[in-house]
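# curious how this folds, go ahead:
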Amino acid sequence: MWHRRAGFPDIGDSAILSVKCLQGGAVMHDAVIVSGARTPVGRFGGAFKDVPAPDLGATAIAEALKRANVPPDQIDEVVFGNALQATEAGYAARLSALRAGVPDEVPTIAINRQCSSGLEAINMAAQLVRTGEVDIAVAGGTENMSQSPYMLSYKARFDGLRMGDAGLTDGLVQGLGCPVNQYHMGVTAENVAERFGISREDQDELALISHQRATAAIKTGRFTEQTASVSVPQRRGDPISVTGDEGPREDATLEGLAQLRPVFRKDGTVTAGNSSTINDGAAAVVIMSAEKASELGIVPRL
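Residues are numbered from 1 along each chain as shown. Presented below is the predicted three-dimensional model:
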């Protein structure tokens, strides 16, 4: 069977591989996760607003490899998700791998499946391992929504900007919107709430429970093992080390949530308090075949 590190097979090998797959003769391997790491989750405009998405991704990849005790040059493939692909994040997957010390010759696949990008990257990496195309892969995703840019129309490039105004397009709104129906994903939440009869009170209650559980987990150190700190340079003085999530609010109350106005519809139920937050962060896992894990003496985590 063709293996990614062995290079491309000749036509004969490809034909044999195709026949084996059609006849059910291909060997499928068990894919296991041997390590994982994530950065803290930064709030919109928070500690990570000046940290590019590839730097966050590199931190997660490097830490995941370190925890697995796998050198970067042993990786066969990097599969990484990123949804807001603009400026430096245009190929954040590749830059994340390179900045984590993964060699140039190790290929990278960038995945954009919007909010499912990181999960789909892990799924694809597992498939590559299962089919025997690679032995070891790194998968995950990175995003810095704080750095989503404002953009000028393409007409500014070709027609030029003379006298008059030029409108800006918010890359974040574009990224969080549906290009088919032309509305924000928050409207989708409103549609779902209406369709399934989910009340404002139910949403606020769930939001409060989420904050309470998250802050309790932070206090008891439940997230410490999975989190890799990020060093953030400052304009003045020494860099600061960000070690914890910024989103969870210990002071959240049901009464406070109830006072917030709907964001997406005047008569809606979705507010800034009961909807998912806009965040910056990255996460990565190391996936390999069960045979490779046994060969390296690594105990699978999942």
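
# now do the end-to-end distance for stretch 96-104.
End-to-end distance for stretch 96-104: 12 Å, by Cα to Cα, to the nearest Å.

# and for it, what's in contact with it?
The contact list for stretch 96-104 (Cβ atoms under 8 Å, 6 or more residues apart in numbering) reads 53-62, 65, 72-73, 75, 78, 80, 106, 108, 138, 142, 282. C-betas here are computed from N, CA, C, even on glycine.

# and that stretch, how far from the chain's centre?
Between the centre of stretch 96-104 and the centre of its host chain there is 17 Å, according to Cα atoms, centre = their mean, to the nearest Å.

# got it, and stretch 70-86?
For stretch 70-86, the separation from the chain centroid amounts to 11 Å (computed by Cα atoms, centre = their mean).

# again with stretch 213-224
21 Å.

# residues touching that stretch, excluding its own?
By Cβ under 8 Å, 6+ apart, the list of residues contacting stretch 213-224 from outside reads 244-245, 247-250.

# so which of those residues is the closest to residue 301?
Residue 301 has its nearest neighbour among those in residue 245, at 21.2 Å by Cβ to Cβ.

# mean confidence for the helix or strand harbouring residue 285?
Counting by DSSP states H and E, the secondary-structure element that holds residue 285 is strand 279-289. Strand 279-289 shows a mean pLDDT of 98 in the predicted model.

# following element in sequence after it, please.
Scanning forward in sequence from strand 279-289, with DSSP H and E defining helices and strands, the next element found is helix 290-296.

# can you list the domains in the chain?
What the record gives for the chain is the domain set 26-148+280-296, 177-223+247-277, from automatic domain parsing.

# any chance of those domains in JSON lines, with mean neighbour count and distance to residue 240 too?
As requested, the domains of the chain are arranged in JSON lines below (neighbours: other Cβ atoms under 10 Å; distance: least, Cβ to Cβ, whole Å):
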{"stretch": "domain 26-148+280-296", "mean neighbour count": "21", "distance to residue 240": "7"}
{"stretch": "domain 177-223+247-277", "mean neighbour count": "14", "distance to residue 240": "18"}
